[in-house]
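**Student:** please find the sequence and the predicted model below.
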Amino acid sequence: MKKHLLSAADLTRDDAELILATAAELRSLADRPIKKLPALRGRTIVNLFFEDSTRTRISFEAAAKRLSADVINFSAKGSSLSKGESLKDTALTLEAMGADAVVVRHWAAGAPHLLANAGWSRSSVVNAGDGTHEHPTQALLDAFTMTRHLGNLDGRRVAIVGDVLHSRVARSNALLLKTLGAEVTLVAPPTLLPFGIEGWDVETSYDLDAVLPKTDVVMMLRVQQERMTLRGGNFFPTVREYSRRYGLDGRRMATLQDHTIVMHPGPMIRGMEITADVADSDRSVIVEQVTNGVAVRMAVLYLLLGGSEPAVSTGSTNATEDTK
Amino acid sequence: MTTYLITGARPYGGEPVDLLLKDGVVAEIGKPGTVVSTSSTNESVSTTEGVEVVDADGLVALPGLVDLHTHLREPGREDAETVETGTHAAALGGFTAVHAMANTDPVADTAGVVEQVWRLGREAGYCDVFPVGAVTVGLAGERLAELGAMADSAARVRVFSDDGKCVSDPVLMRRALEYVKAFDGVVAQHAQEPRLTEDAQMNEGELSGRLGLRGWPAVAEEAIIARDCLLAAHTGSRLHVCHVSTAGSVEIVRWAKSKGWPVTAEACPHHLLLTDELAATYDPIYKVNPPLRSAADVAALREGLADGTIDIVATDHAPHPHEDKDCEWQAAAFGMLGLETALSIVQATMVDTGLLDWAAVAERMSAAPARIGRAEGHGRPLAVGEPANVVLYDPSASRVVDAGELASLSRNTPYAGRELPGRVVATFLRGTPTVLEGKLA
């Protein structure tokens, strides 16, 4: 594995499978009364959040703590308009504090890339979501959740539905799922698909009803209206029309195959892209995604910080014995 | 005033000659070894006493370069560049005249500000500074600035531009084009449809989608250029299109010229060399307005510059302090340095590729920009009796660009660490060297 996790494209198939296998071992911890391992004792992990995100920060924090790492949460306010302390100065500060890994969430695409490559810091950098670029640990936890329900993802069909244009989740998932052998279809109104998507090596469709009966996974994306104020808005006429054409409701859910699961990276807008009866149905694995997120992030932190031993000891570690 | 004898230089890359620069003009041109003896018989000077000899054996001699598009940042952003440092950079790049864009603070939208910039240029003395006047008050795109007052001022402004911002209101653009006819002015348009480029960060293409950076579609440039060409035809006024960056724009300008409309256009060195692939580094050193485009656009620009569709090369030299580039791409300033590397980039992309000879380079970097900008005394041929604005250039040299060695106050060159061909050896402004042996004189 590389030193940083900036993009899902950084992961080879072997890397991704190692993370998922490690996560599977660590996932079992969640069912134990004592959830803590000593693997990263004495290591310092900084959660550096330039953008509000309660769920992702808590997930990374829980992951680091269950590995016994020291966790520092650093929330830096500031946007492109109201610049606070610069990313560089923040990075130099964290470097001076001796952070082993920095988990960064940032409003600017490429900020984790800059943090990793500008020479400001020696820490491992984990991208916890950068602008409308990527969110690789979300893709890993999504893939992990899929494998728990569907097994190997080779040839499996995954439909990612909604605001692909503004979604870092969609970008990372498209890359990682391709690496893992799945077939991805991005479903959205044409205004919410990125320009030049023909070159992405994924299927695209404007017709949700045509895609649903064939898919093994349907992943609904939140419509990011807060990112739509620029560029004039008008990505779709009304919320009602969006819901009618691209929302997942009970009627549409009935056209899914029996084994098909419904996912959502959260936070959901119930009644817009997904109705309550779907979100709370047996097909929904949305809550499980959250649980799996902790295990996957534990695996990522453990592997990035040099874990070469199995994360969870498989019994007594016998010293080599002379067989004579 | 010292007289200079330049020996062995090749005007426009042709046969070697000696040139005598005296009293601000090219006094004599002759075969090597003949010039001083001629003058000595005439003036009874038996030696070269009183004449500085500049050995230019093998160097290409061109008329002093003229930049129609420079940001000198003064007044207001003296932390990025001053008229003095900017003209140092210009001289080192072989320029004897630059047009200083109006987006200063305060904006150059009054006679007072343009005269200040003009005067600072005179005081610096390294090249002539022709201030560009803003088209609209404060570059706000709402009402015309006092264009006539700037034209009548000591700065004699002939080029008007809101560069950095587009005059997007079609009525305002029409009025500006009409109004500048009264004093032979030209409106230099920064073609960028604002609604199509809100918060745009890089060329819109497959890569912008992948990188999650907001796209800057080619149509945002092309739509404005098409509209403005039609307005230029309708009003009969001179339109100049700044920093053409797309293949479609080249096509539109080619079409407008085929109609005989009064349209000229420029391309920047960086758009002739660099592509949008560099945005994948997320290094804002490559962030520029208009953005770096695709390889196909680069090829179309080179072709357009070769066939004359694009009249000139202009640098869009845009200095920025380090902190405005040492940050997130989205938070970083647009722009890159250009004066000190322009001729090398043109050599690499146009001359070494066989697309232009040196005479054509002189046309596109000296004669044509001087004509468009009405920069009197510049862009004249290397001929006896003409102003002695001369650059001596060694195309066989090469250098690795070191940002720290640039004369500009800023360091935001996209070419740091790159090996570029050629080197400006000397620049003369009206017979006085501003650069000798590659250093400020």
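**Tutor:** Nice, I can see it.
**Student:** export stretch B:17-25 to PDB, keeping only CA atoms.
**Tutor:** Extracted C-alpha coordinates of stretch B:17-25, given in PDB (Å, rounded to 0.1, in the frame of the first residue of the first chain):
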ATOM      1  CA  VAL B  17      25.700  42.100 -40.100                       C
ATOM      2  CA  ASP B  18      27.100  44.800 -37.900                       C
ATOM      3  CA  LEU B  19      24.700  47.300 -36.600                       C
ATOM      4  CA  LEU B  20      25.600  50.800 -35.300                       C
ATOM      5  CA  LEU B  21      23.200  52.200 -32.700                       C
ATOM      6  CA  LYS B  22      23.800  55.900 -32.300                       C
ATOM      7  CA  ASP B  23      21.700  58.700 -30.900                       C
ATOM      8  CA  GLY B  24      18.800  56.400 -30.300                       C
ATOM      9  CA  VAL B  25      18.400  55.100 -33.800                       C
END
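**Student:** show me what counts as buried in stretch B:364-383.
**Tutor:** Residues of stretch B:364-383 classed as buried by neighbour count (16 or more other CB atoms under 10 Å in any protein chain shown): B:364-375, B:377-380, B:382. Where you see a C-beta, it was placed from the backbone N, CA and C, and this is true even at glycine.
**Student:** three-state assignment of the residue positioned nearest the centre of chain A?
**Tutor:** The centroid of chain A falls nearest to A:Gln138 when counting by CA atoms, centre = their mean (0.7 Å). Under DSSP: H, G, I helix; E, B strand; the rest coil, A:Gln138 falls in the helix class.
**Student:** how far away is it from chain B?
**Tutor:** 14 Å (CB to the nearest CB, to the nearest Å).
**Student:** repeat that for A:Leu304.
**Tutor:** Note on A:Leu304: its distance to chain B, by CB to the nearest CB, is 20 Å.
**Student:** so who does that residue touch?
**Tutor:** Neighbour list for A:Leu304: A:1, A:3-5, A:101, A:124, A:126 [criterion: CB atoms under 8 Å, 6 or more residues apart in numbering or on different chains].
**Student:** ok, and the most crowded of those?
**Tutor:** Using other CB atoms under 10 Å in any protein chain shown as the neighbour test, those are led by A:Leu5, with 28 neighbours.
**Student:** not counting residues beside it along the chain, what's closest to that residue?
**Tutor:** Among residues not flanking A:Leu5 along the chain, A:Val126 sits closest, at 4.9 Å (CB to CB, 6 or more residues apart in numbering or on different chains).
**Student:** show me the contacts for that neighbour.
**Tutor:** Counted by CB under 8 Å, 6+ apart, A:Val126 has contacts A:4-5, A:60, A:101-104, A:112, A:137, A:300-301, A:304.
**Student:** what's the closest of those residues to A:Thr145?
**Tutor:** Lowest distance from A:Thr145 to these (CB to CB) belongs to A:Thr137, with 12.5 Å.
**Student:** just checking, that closest one touches A:Val296?
**Tutor:** Yes - here A:Thr137 reaches A:Val296: they are 6.1 Å apart, a contact under CB atoms under 8 Å.
**Student:** re the thing from before, is the residue nearest to the centre of chain A in contact with A:Val169, as I believe?
**Tutor:** Yes - with contact defined as CB under 8 Å, A:Gln138 reaches A:Val169; the gap is 5.1 Å.
**Student:** shared neighbours of those two, which are they?
**Tutor:** Here A:Gln138 and A:Val169 have A:Pro265 as joint contacts, going by CB under 8 Å, 6+ apart.
**Student:** circling back to that earlier point, the residue nearest to the centre of chain A and A:Gly266: what is the separation?
**Tutor:** Per CB to CB, to the nearest Å, A:Gln138 is found 9 Å from A:Gly266.
**Student:** for the lengthiest helix in chain B, name the packing helices and strands.
**Tutor:** Using DSSP state H, we find that the single longest helix of chain B is helix B:218-235. With contacts taken as 3 or more CB pairs under 8 Å, 6 or more residues apart in numbering or on different chains; DSSP states H and E, helix B:218-235 sits against helix B:170-179, strand B:186-189, strand B:239-241, helix B:247-258.
**Student:** show me the helices in chain B, by range?
**Tutor:** So, for chain B - with DSSP H - the helices run B:35-43, B:83-92, B:111-124, B:147-152, B:170-179, B:206-211, B:218-235, B:247-258, B:269-273, B:295-307, B:342-346, B:358-362, B:368-373.
**Student:** nearest to B:Phe130, of those?
**Tutor:** B:Phe130 lies closest to helix B:368-373 among those, at 6.0 Å (CB to CB).
**Student:** counting by contacts, list what that closest one packs against.
**Tutor:** So helix B:368-373, by 3+ CB pairs under 8 Å, 6+ apart, packs with strand B:65-70, strand B:95-100, strand B:263-267, strand B:312-313.
**Student:** and the average pLDDT for that helix is what?
**Tutor:** For helix B:368-373, mean pLDDT is 98.
**Student:** can you pull out the helices in the stretch 201-324 of chain A?
**Tutor:** For the stretch 201-324 of chain A, helices defined by DSSP state H, counting those that start in this stretch occupy the ranges A:208-211, A:239-246, A:250-253, A:276-279, A:286-304.
**Student:** can you list the residues that contact the first one?
**Tutor:** Just to be clear, that refers to helix A:208-211. So helix A:208-211 is contacted by A:159, A:161, A:185, A:187, A:205, A:245-246, A:248, A:252, A:255 (CB under 8 Å, 6+ apart).
**Student:** tell me how far it is from the chain's mean position?
**Tutor:** In terms of CA atoms, centre = their mean, to the nearest Å, the centre of helix A:208-211 is found 25 Å from the chain centre.
**Student:** likewise the second one?
**Tutor:** Relative to its chain's centre, helix A:239-246 lies at 26 Å (CA atoms, centre = their mean).
**Student:** A:Leu141 against A:Met298, yeah?
**Tutor:** No - using CB under 8 Å, A:Leu141 is not in contact with A:Met298; the gap is 10.8 Å.
**Student:** in terms of secondary structure, what does the helix or strand of chain A with the lowest mean pLDDT contact?
**Tutor:** Least confident element among the helices and strands of chain A, by mean pLDDT, DSSP states H and E: helix A:87-97 (a mean of 89). Judged by 3+ CB pairs under 8 Å, 6+ apart, the packing partners of helix A:87-97 are strand A:44-49, strand A:70-75, strand A:101-106, helix A:111-117.
**Student:** just put the ones you listed in CSV and tack on distance to B:Pro11.
**Tutor:** As requested, the helices and strands packed on helix A:87-97 are exported to CSV (distance: least, CB to CB, whole Å):
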stretch, distance to B:Pro11
strand A:44-49, 60
strand A:70-75, 63
strand A:101-106, 55
helix A:111-117, 47
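**Student:** of these, which is nearest chain B?
**Tutor:** helix A:111-117 (4.5 Å; CB to the nearest CB).
**Student:** just the CA coordinates of that closest one, formatted as CSV?
**Tutor:** What follows is the C-alpha trace of helix A:111-117 in CSV, where atoms were taken according to Å, rounded to 0.1, in the frame of the first residue of the first chain:
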residue,chain,number,x,y,z
ALA,A,111,-6.4,19.6,-0.4
PRO,A,112,-5.4,16.1,0.9
HIS,A,113,-3.2,15.7,-2.2
LEU,A,114,-1.5,19.0,-1.3
LEU,A,115,-1.1,18.0,2.3
ALA,A,116,0.6,14.8,1.3
ASN,A,117,2.8,16.2,-1.5
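**Student:** which outside residues touch it?
**Tutor:** A:3-4, A:6, A:50, A:87, A:91, A:102, A:104, A:106, A:121, A:125-128, A:130-131, B:281-283, B:327-329.
**Student:** residue ranges with poor pLDDT in chain B?
**Tutor:** Filtered on pLDDT under 70, chain B yields the residue ranges B:37-49.
**Student:** can you pull the contacts of B:Ala342?
**Tutor:** Contacts of B:Ala342 (CB under 8 Å, 6+ apart): B:65, B:67, B:93-94, B:269, B:313, B:315, B:365.
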